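Enquirer: Sequence isn't available, so here's the structure alone:
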């Protein structure tokens, strides 16, 4: 069965608004969650690593003020895209540490 | 710098026509090499992990092999339902995240 549940699967939002993506670990405690972004016909790129109870670490070139990550509990990590713009349109995917076998279902974000 | 190159970028096969996908990698210490299948609009689905050169793993029509420089995903007698993008990723020693290639888009024609 699914190890991680990601919602929503699709979202369309207007420029300037914020969107929250949730990633829940099922039946286990995820102390760390990886967030990836995938552009069309491109590879998955690591954006940031969220750690339960502490600040997330961001990869070079990823704006931490635009992509807010919260990992308030061992079962929930959230990614909020703030003041979204069309260039933020992408496919966002989460994966818990220690379960390289499992990824969330992904969220297709379209900013119009 | 870690590098993962997958080839070909796209591959069209007739049903039953066996072939191989390539994943060449450069990494400063390989902890593991991963193969995934990804369907459009979905997250990657785990297939295999390989840890050392010479290792092989099989699952149904798929077989993955690993050398010190590359990995192959062999597809034997593919079926249309094998159509998907196949992703290769490496995990460096001392790191937990994965570094992905751009994938091979496989289409199997009935």
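Expert: Yes, it's here. Quick caveat: nothing in here was measured; it's all calculated off a predicted structure.

Enquirer: For residue 106, give me its contacts.
Expert: Picked chain A for this. Contacts for residue A:106 (Cβ atoms under 8 Å, 6 or more residues apart in numbering or on different chains) come out as A:6, A:9, A:38, A:91, A:92, A:93, B:41, B:42, B:43. The C-beta positions use only the backbone N, C-alpha and C, and glycine is treated the same way.

Enquirer: Correction: the question concerned chain B.
Expert: Residue B:106 makes contacts with B:10, B:11, B:13, B:21, B:75, B:78, B:82, B:83, B:84, B:85, B:86, as judged by Cβ under 8 Å, 6+ apart.

Enquirer: try 7 Å
Expert: By Cβ atoms under 7 Å, 6 or more residues apart in numbering or on different chains, residue B:106 lies in contact with B:11, B:82, B:83, B:84, B:86.

Enquirer: Next: residue A:35.
Expert: When contacts are counted by Cβ under 7 Å, 6+ apart, residue A:35 touches A:47, A:48, A:50, A:69, A:79, A:92, A:94.

Enquirer: Quick one: mean pLDDT for whichever strand or helix holds it?
Expert: Per DSSP states H and E: residue A:35 is located in strand A:32-38. The average pLDDT within strand A:32-38 is 94.

Enquirer: still on that earlier bit, show the buried residues in the contacts of residue A:106.
Expert: If you count burial by 16 or more other Cβ atoms under 10 Å in any protein chain shown, the buried members of the contacts of residue A:106 come out as A:6, A:38, A:91, A:92, A:93, B:42, B:43.

Enquirer: Between the contacts of residue B:106, which sits nearest chain A?
Expert: Nearest to chain A among the contacts of residue B:106 is residue B:86, at 12.1 Å by Cβ to the nearest Cβ.

Enquirer: Nice, that's everything, thank you.
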